[in-house]
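A.B. asks: Pasting a predicted model and its sequence here:
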Amino acid sequence: SQTIHQWPATLVQPVGSPLSLECTVEGTSNPNLYWYRQAAGRGLQLLFYSVGIGQISSEVPQNLSASRPQDRQFILSSKKLLLSDSGFYLCAWSVGDREINTEAFFGQGTRLTVV
Amino acid sequence: AQKVTQAQTEISVVEKEDVTLDCVYETRDTTYYLFWYKQPPSGELVFLIRRNSFDEQNEISGRYSWNFQKSTSSFNFTITASQVVDSAVYFCALSNQAGTALIFGKGTTLSVSS
């Protein structure tokens, strides 16, 4: 069965510090991978998605970046965090089949607080 | 442009009441997919249902049912005989093409009291 791992679960970082959140998927090959952010009291905002290694699409301009160094690994990074980067970050995957769109499965999320 | 609107920000009901969560979507594509997710207090999103644009049959799964109406661009979710464990944030989502990401509504917070 497929599983998705996301860590850390919680993180408190000072303004201006770097960020690295990691997400890995097991039990599937060539998944579509996603990073979403959920700000307090708001919906989910798509940040990045990837349909393959090294292929990253950015949905919202910001000081965050994403990378996919391996098929089932997706990393969210920042060189210098801003207060506005605080939120709940969710990684997700879906079957990488271009003929059929499928549901996405989410990790348990990382609650980031920038202080 | 694609958009999902969940007009109800918060709903409070008492156990055993039925409750309907509204979802209205906008898309220009003829092929699209609609989803509902549940986010309990733990934070993880739990997939509930997927529906494609060519299948307008309503679906029932236990106490959950979904009403898809293309004529009104709506995909509403009803919980029958609600329970305290149903308390969560519920998200409706839309996807237009294979390989692209889901676009979520802002969610409806459902509180069920005993």
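C.D. replies: Cool, got the structure.

A.B. asks: and chain B, which residues reach chain A?
C.D. replies: When proximity is defined as Cβ under 8 Å from any Cβ of the partner chain, chain B approaches chain A at B:33, B:35, B:37, B:42-47, B:50, B:52, B:91, B:95, B:97-107. (C-beta placed from N, C-alpha, C; glycine too.)

A.B. asks: Name every strand pairing with the helix or strand where A:Pro69 lies and say which way it goes.
C.D. replies: Using DSSP states H and E, the element containing A:Pro69 is strand A:64-70. Sheet pairing of strand A:64-70 (DSSP bridges) gives strand A:73-78 (antiparallel).

A.B. asks: averaged over its residues, what pLDDT does the next helix or strand after the strand it pairs with have?
C.D. replies: Remark: after strand A:73-78, the chain's next helix or strand is strand A:87-94, criterion DSSP H and E. Mean pLDDT, computed over strand A:87-94, is 94.

A.B. asks: hmm, strand A:87-94 in reach of chain B?
C.D. replies: Yes. For strand A:87-94 and chain B, the contact criterion (Cβ under 8 Å from any Cβ) is met by A:88, A:90, A:92.

A.B. asks: Please, which helix or strand holds B:Gln8?
C.D. replies: Using DSSP H and E, no element contains B:Gln8; it sits outside every helix and strand.

A.B. asks: That one and chain A, how far apart?
C.D. replies: Per Cβ to the nearest Cβ, to the nearest Å, B:Gln8 is found 13 Å from chain A.

A.B. asks: Need the per-residue pLDDT for the nearest residue to that residue once chain neighbours are set aside.
C.D. replies: In space, and not counting its chain neighbours, B:Gln8 is closest to B:Thr108: 4.6 Å by Cβ to Cβ, 6 or more residues apart in numbering or on different chains. On pLDDT, B:Thr108 comes in at 96.

A.B. asks: And for A:Ser67?
C.D. replies: A:Ser67 is assigned a predicted lDDT (pLDDT) of 96.

A.B. asks: OK, contacts around it?
C.D. replies: Counting by Cβ atoms under 8 Å, 6 or more residues apart in numbering or on different chains, A:Ser67 touches A:56, A:74-75, A:77.

A.B. asks: same thing with A:Ser1?
C.D. replies: A:Gly27 are the contacts of A:Ser1 under Cβ under 8 Å, 6+ apart.

A.B. asks: where does the closest residue to chain A within chain B land in three-state SS?
C.D. replies: Chain B approaches chain A most closely through B:Lys106 (3.6 Å), counting by Cβ to the nearest Cβ. Assigned with DSSP: H, G, I helix; E, B strand; the rest coil, B:Lys106 falls in the coil class.
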